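Peer 1: quick one, fold the following:
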Amino acid sequence: MNRWQEHPGVRKHDQLTSGERPADIVRNGMGSWPFVFAFLAFMAIWAGYNGNRGFDPYPFILLNLFLSMIAGLQGAILLISAKRADSISSEVAIHTLDNTKKLQDLIEANTALTTTVSKLAKQIHTQICRDILNERRVLNRSSGRWF
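Peer 2: Below is the predicted model of the structure:
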């Protein structure tokens, strides 16, 4: 089982079309090590059983027929699986793009607020400096000092 289903941008199993569900099953099944080992075991058993006796003696004409049919279908199966994988990648990319746009909007709003706060802080600083200077003048005048 893949973990793409956990991604918030990828549709869940019940939201998939009737063609996407089997594509996921085939991709997850045929694209795995257990499938490769099972296939190799099947081939070894077939060759062992039919090597000297059996219903398909060497050179395994029936097996070659089945393998040719599988090879013919394999191209279509690979394309279906690739299309499904591309669909998942597209869903993730769209989700990422949407999140990026939202974050960009938030960063722009935050930057504007930071600029406003900076301007207001400068104005407050300037006003406080003026008030302190005026207080000093008043205190100095009352004490008889001028500077």
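Peer 1: quick one: low-confidence parts of this protein?
Peer 2: Scanning the chain for pLDDT under 70 picks out the ranges 1-13, 15-16, 144-147.
Peer 1: biggest helix in the protein by residues?
Peer 2: In the chain, assigned by DSSP state H, the helix with the most residues is helix 61-143.
Peer 1: name the helices or strands packed onto that helix?
Peer 2: Contacts defined by 3 or more C-beta pairs under 8 Å, 6 or more residues apart in numbering; DSSP states H and E place helix 61-143 against helix 20-30, helix 33-50. C-beta coordinates here come from the backbone N, C-alpha and C atoms, glycine included.
Peer 1: nearest to residue 103, out of these?
Peer 2: helix 20-30 (29.6 Å; C-beta to C-beta).
Peer 1: buried sites along that closest one?
Peer 2: Residues 20, 23-24, 27 are the ones in helix 20-30 that count as buried (16 or more other C-beta atoms under 10 Å).
Peer 1: same list, the residues you listed, but as CSV with distance to residue 79 please.
Peer 2: Putting those into CSV (distance: C-beta to C-beta, whole Å) gives the following:
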residue, distance to residue 79
20, 14
23, 10
24, 15
27, 11
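Peer 1: ok, these vs residue 101, which is closest?
Peer 2: residue 20 (26.6 Å).
Peer 1: pretty sure that closest one sits against residue 87.
Peer 2: Yes: checked against C-beta atoms under 8 Å, the pair residue 20 and residue 87 is within contact range at 7.1 Å.
Peer 1: roughly how far does the residue nearest the centre of the chain sit from residue 85?
Peer 2: Central residue of the chain (C-alpha atoms, centre = their mean): residue 92, 4.5 Å from the mean position. Distance, residue 92 to residue 85, using C-beta to C-beta, to the nearest Å: 11 Å.
Peer 1: and what of residue 120?
Peer 2: Residue 120 is 52 Å from residue 85, by C-beta to C-beta.
Peer 1: also residue 28?
Peer 2: Relative to residue 85, and taking C-beta to C-beta, residue 28 is found at 11 Å.
Peer 1: before we move on, what about residue 130?
Peer 2: The gap separating residue 130 from residue 85 is 67 Å, by C-beta to C-beta.
Peer 1: the two: which has the busier surroundings?
Peer 2: residue 85 (16 against 10; other C-beta atoms under 10 Å).
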